[in-house]
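**Q** Sequence below, structure please.
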Amino acid sequence: MLGVLCVLASACGTTSKGATGATVLDGKGHPHNPAPLVTQNGGTVTVAVDQLPPTLNDHTVAGDTPVGRMLGSAIWAQVFRVDPGLTPALDTNVVDSAEVISLSPQTVVYQIDPRAVWSDGVPISANDFTYAWQSQKGGATDLDGTPDSVASTLGYRDIASLTGSNDGRTVTVVFKTPFADWPSLFDDLLPAHIAEQVGWNHGFDSFATGVFVSGGPWEVLAWQPGTEIVFGRNPRWWGSPPTLDRVVVRAVGPEGLSAALARRQVQVAYPSGFDQSFMAQVSSSSVLQTQVNLGTRMLQLDFNVRRAPLNVATVRQGIAHAVDRAGIVQSVGQPEDHSVWEDNDHLLPNGAPGYVDDATGFEKGDPVTSTRLLEQSGFALDAHGTWTTHGKSVSLEIVWADDDPWSAAVGPIVAAQLVAAGFDVVATPMSSAQLYGTALPAGDFDLALVPVDASAYPSALGDVFSTSPSITGGAQTQDWSGFDDPKVDALFTQAVQELAPPRADAIYQQIDQDLWTEMPTLPLFAEPTMLVWSSSLSGVTDDPGGIGPLWDVRQWALRSAAPTRSSKT
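**A** Numbering: from 1, shown residues only. Here you go, the predicted model:
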């Protein structure tokens, strides 16, 4: 997947691990104790990611990507952040408090920190909250009269009123219907006084002086959409300042990542996919450190329930029992991260708070149960061991994105397992652009490997399992299977309005149990994340469930060798 990595000591044959403080060998094999590293103030660090979004408004459909949200977290004002434990935490740099003061109607009061200002000196205020609500509640139009592109209306459409007081530092939000995931609202607040002038849809697509005013510890110094963004310290930031002077986030494809690390053109890498070879290379390097975690992107196998014979639940169950999920995990996931196992919850990734194993009987391939369910559905095996229905062989077309590393690794395995189970299988790998632009929207598939982004807020996955406008919040549906069940819809509605977390968790578990029965999708595993960084950099950690490695970039610091004292000194 990734080219051969030749990085300093690992390339030159030394065993240096100087960053760890262990005794190492020099080029002649003699013991050598390197000088200790000390933290320095300032400097520039370059971060490599697979691709950058076309806009920095991550609330639009185009900007709502994992990297888009990661970049937005560095410059836009925050109310709640999701920490590495997948728990929402109030960002007290911006908001002193956020409290539910009434349940009937649900009323939330936010107190903005009186020091909080945009980088142009304009106070962060209720005007910014109002702009976020009006733009995302649905039905809003941009400056040119076109509809606002909105990634999701969830929660915002449930607000009845938003009132500012105390010179705009107090925000009171009253809901017309309860919304349990209210901490998900008002993240990455845009500066209303700027957005109202440049527009919602395209105002933050290109760099212009005075547009990217910051409400976070960093401000944008340069921005080349799709290529590179440069952050510098926000001089008006009122919290603890970053240690670094600048952070450059650059799009580097898998084919160029090895060379970029070897040449020290990047100090941090966050690839979307990786293999054992790449892991071994970076892990053995004396100048690189690595961290692997379970992420929140879940790879699922979608069944097109609009196509016969997949419109019958027992057929979908029979096919699911023919898939050896444990074998897939052992061959694809565990070599990269030993903690990867099959994901047994449609709504939550392994290890997330509230995760429950509801996949009884689906852990491994079960040919006996598979055969029983398929025969019960009217299928029959012919003399060649091929499944037939009404005298015709059952042919299944499976599609996946061949430029998505995890899908590309899993797709051929699933296809081979289904062939072994007696199905005629047509495997059709394609680009992500073809998959999401044509095949999935047109329903031109039987089975599809589709990654789903989970989060701390299960309500956000309603549009993966429903086509009902009352459940979905996205402008573009993620319900590629076409599944929509009134019972599941009712449970989603009940869960999202349940303000008592224990009762809401129980409802989401009931939804998951129903989804295992109806089987519109078969969860496979939560994709692991990998973070690689230079040993000369401290404070780098991953937030696999929130905003990746930039979640605490203020703590990053370059380290250099401490000055040595001469014998005369």
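**Q** Pull the number of nearby residues for Tyr270.
**A** Tyr270: 24 surrounding residues under other Cβ atoms under 10 Å. Just so you know, the C-beta spots here come from the backbone N, C-alpha and C atoms, and that holds for glycine as well.
**Q** For it, which residues are in contact?
**A** Residues in contact with Tyr270 (Cβ atoms under 8 Å, 6 or more residues apart in numbering) are Val47, Ala48, Val49, Thr529, Met530, Leu531, Val532, Asp542, Gly548, Pro549.
**Q** low pLDDT regions in the chain?
**A** 1-36, 336-337, 474-476, 544-546, 562-569 (pLDDT under 70).
**Q** can you point me to the longest strand in it?
**A** strand 288-303 (DSSP state E).
**Q** Quick check: next helix or strand after that strand?
**A** Remark: after strand 288-303, the chain's next helix or strand is helix 313-321, criterion DSSP states H and E.
**Q** Tabulate the contacts of Tyr270 (CSV), appending distance to His338.
**A** Shown next, in CSV, are these (distance: Cβ to Cβ, whole Å):
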residue, distance to His338
Val47, 26
Ala48, 25
Val49, 25
Thr529, 14
Met530, 13
Leu531, 17
Val532, 18
Asp542, 17
Gly548, 22
Pro549, 22
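**Q** Please, a PyMOL command that selects the buried ones among the residues you listed?
**A** Remark: buried members of those, expressed as a PyMOL selection using 16 or more other Cβ atoms under 10 Å:
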select buried, resi 47+48+49+529+530+531+532+542+548+549
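**Q** okay, the contacts of Tyr270 in a markdown table with distance to Val329 and secondary structure next?
**A** Below are the contacts of Tyr270 laid out as a markdown table (distance: Cβ to Cβ, whole Å; DSSP: H, G, I helix; E, B strand; the rest coil):
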| residue | distance to Val329 | secondary structure |
| --- | --- | --- |
| Val47 | 29 | strand |
| Ala48 | 28 | strand |
| Val49 | 26 | strand |
| Thr529 | 16 | strand |
| Met530 | 17 | strand |
| Leu531 | 21 | strand |
| Val532 | 23 | strand |
| Asp542 | 21 | coil |
| Gly548 | 23 | helix |
| Pro549 | 25 | helix |
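**Q** Closest to Pro469 out of the contacts of Tyr270?
**A** Gly548 (31.5 Å; Cβ to Cβ).
**Q** what about the helices in the stretch 251-400 of the chain?
**A** For the stretch 251-400 of the chain, the helices defined by DSSP state H, counting those that start in this stretch cover 254-262, 276-284, 313-321, 325-328, 367-376.
**Q** In CSV: these, plus mean neighbour count and distance to Ser432.
**A** CSV is the format used below for the helices of the stretch 251-400 of the chain (neighbours: other Cβ atoms under 10 Å; distance: least, Cβ to Cβ, whole Å):
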stretch, mean neighbour count, distance to Ser432
helix 254-262, 19, 14
helix 276-284, 17, 21
helix 313-321, 23, 24
helix 325-328, 19, 21
helix 367-376, 16, 31
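**Q** which ones are touching the closest residue to Ile471 other than its chain neighbours?
**A** In space, and not counting its chain neighbours, Ile471 is closest to Gly462: 4.2 Å by Cβ to Cβ, 6 or more residues apart in numbering. When contacts are counted by Cβ under 8 Å, 6+ apart, Gly462 is found next to Leu154, Ile471, Thr472, Gly473, Phe492, Val496.
**Q** quick one: which two of those are the most distant?
**A** Thr472 and Val496 (11.7 Å).
**Q** Ile319 contacts Phe303, correct?
**A** Yes - when contacts are counted by Cβ atoms under 8 Å, Ile319 is listed as touching Phe303 (7.3 Å).
**Q** which residues do those two both contact?
**A** Listed contacts common to Ile319 and Phe303 are Leu310, Leu447; contacts here mean Cβ under 8 Å, 6+ apart.
**Q** before we move on, the earlier item: any quick PyMOL command for the buried ones out of the contacts of Gly462?
**A** This is how PyMOL selects the buried members of the contacts of Gly462, with burial counted by 16+ other Cβ under 10 Å:
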select buried, resi 154+471+472+473+492+496
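**Q** Make TSV out of the contacts of Gly462 and add distance to Asn41.
**A** Listed next are those as TSV, based on distance: Cβ to Cβ, whole Å:
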residue	distance to Asn41
Leu154	42
Ile471	50
Thr472	48
Gly473	43
Phe492	50
Val496	46
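**Q** Just to be sure, which of the contacts of Gly462 are found in helices?
**A** Phe492, Val496 (DSSP state H).
**Q** Of the contacts of Gly462, which is the nearest to Pro441?
**A** Nearest member of the contacts of Gly462 to Pro441, counting by Cβ to Cβ, is Thr472, at 14.5 Å.
**Q** Quick check: that closest one vs Asp489, distance?
**A** Going from Thr472 to Asp489 by Cβ to Cβ, to the nearest Å gives 10 Å.
**Q** Check Trp218 too.
**A** Between Trp218 and Asp489 the computed distance is 41 Å (Cβ to Cβ).
**Q** And these two? Which one has more around it.
**A** Set Trp218 next to Asp489 and count neighbours by other Cβ under 10 Å: Trp218 wins out with 25 against 19.
**Q** Extract the CA atoms of stretch 340-349 and return them as CSV.
**A** Extracted in CSV, the C-alpha atoms of stretch 340-349 (Å, rounded to 0.1, in the frame of the first residue of the first chain):
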residue,chain,number,x,y,z
VAL,A,340,-9.5,-4.9,16.6
TRP,A,341,-12.4,-7.4,16.7
GLU,A,342,-15.7,-7.6,14.9
ASP,A,343,-18.0,-4.7,15.7
ASN,A,344,-21.2,-6.1,17.2
ASP,A,345,-23.2,-2.9,17.4
HIS,A,346,-24.7,-1.0,14.4
LEU,A,347,-24.6,2.3,16.2
LEU,A,348,-21.4,2.3,18.2
PRO,A,349,-17.8,1.2,17.6
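**Q** Just the residues contacting that stretch, thanks.
**A** With Cβ under 8 Å, 6+ apart, stretch 340-349 has contacts from 294-298, 300, 325-326, 328-329, 333-334, 350, 354-359, 362-363, 454, 458, 461, 465, 508, 511-512, 515-516, 521, 523-526, 528, 545.
**Q** re the thing from before, please tabulate the helices of the stretch 251-400 of the chain in TSV, including the columns distance to Val173.
**A** Formatted as TSV, these follow (distance: least, Cβ to Cβ, whole Å):
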stretch	distance to Val173
helix 254-262	43
helix 276-284	46
helix 313-321	41
helix 325-328	42
helix 367-376	48
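**Q** Relative to Ala408, which of the ones you listed is closest?
**A** helix 254-262 (11.2 Å).
**Q** what's the offset of the closest one from the middle of its chain?
**A** Distance of helix 254-262 from its chain centroid, counting by Cα atoms, centre = their mean, to the nearest Å, is 23 Å.
**Q** and what of stretch 76-83?
**A** 15 Å.
**Q** Likewise for stretch 308-327?
**A** Distance, stretch centre to chain centre, for stretch 308-327: 27 Å (Cα atoms, centre = their mean).
**Q** Can I get that stretch in PDB, CA atoms only?
**A** Coordinates of each C-alpha in stretch 308-327 appear next as PDB, following Å, rounded to 0.1, in the frame of the first residue of the first chain:
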ATOM      1  CA  ALA A 308     -35.000  -9.000  -4.900                       C
ATOM      2  CA  PRO A 309     -34.100 -11.400  -3.300                       C
ATOM      3  CA  LEU A 310     -32.400  -9.000  -0.800                       C
ATOM      4  CA  ASN A 311     -35.800  -7.500   0.000                       C
ATOM      5  CA  VAL A 312     -36.400 -10.500   2.300                       C
ATOM      6  CA  ALA A 313     -34.900 -10.400   5.800                       C
ATOM      7  CA  THR A 314     -34.200 -14.100   6.000                       C
ATOM      8  CA  VAL A 315     -32.200 -13.900   2.800                       C
ATOM      9  CA  ARG A 316     -30.100 -11.100   4.200                       C
ATOM     10  CA  GLN A 317     -29.600 -13.100   7.400                       C
ATOM     11  CA  GLY A 318     -28.600 -16.200   5.400                       C
ATOM     12  CA  ILE A 319     -26.000 -14.200   3.500                       C
ATOM     13  CA  ALA A 320     -24.800 -12.600   6.700                       C
ATOM     14  CA  HIS A 321     -24.200 -16.000   8.300                       C
ATOM     15  CA  ALA A 322     -22.100 -17.000   5.300                       C
ATOM     16  CA  VAL A 323     -19.700 -14.200   6.000                       C
ATOM     17  CA  ASP A 324     -16.900 -15.100   8.400                       C
ATOM     18  CA  ARG A 325     -16.500 -11.800  10.200                       C
ATOM     19  CA  ALA A 326     -14.000 -13.100  12.700                       C
ATOM     20  CA  GLY A 327     -11.800 -14.400   9.900                       C
END
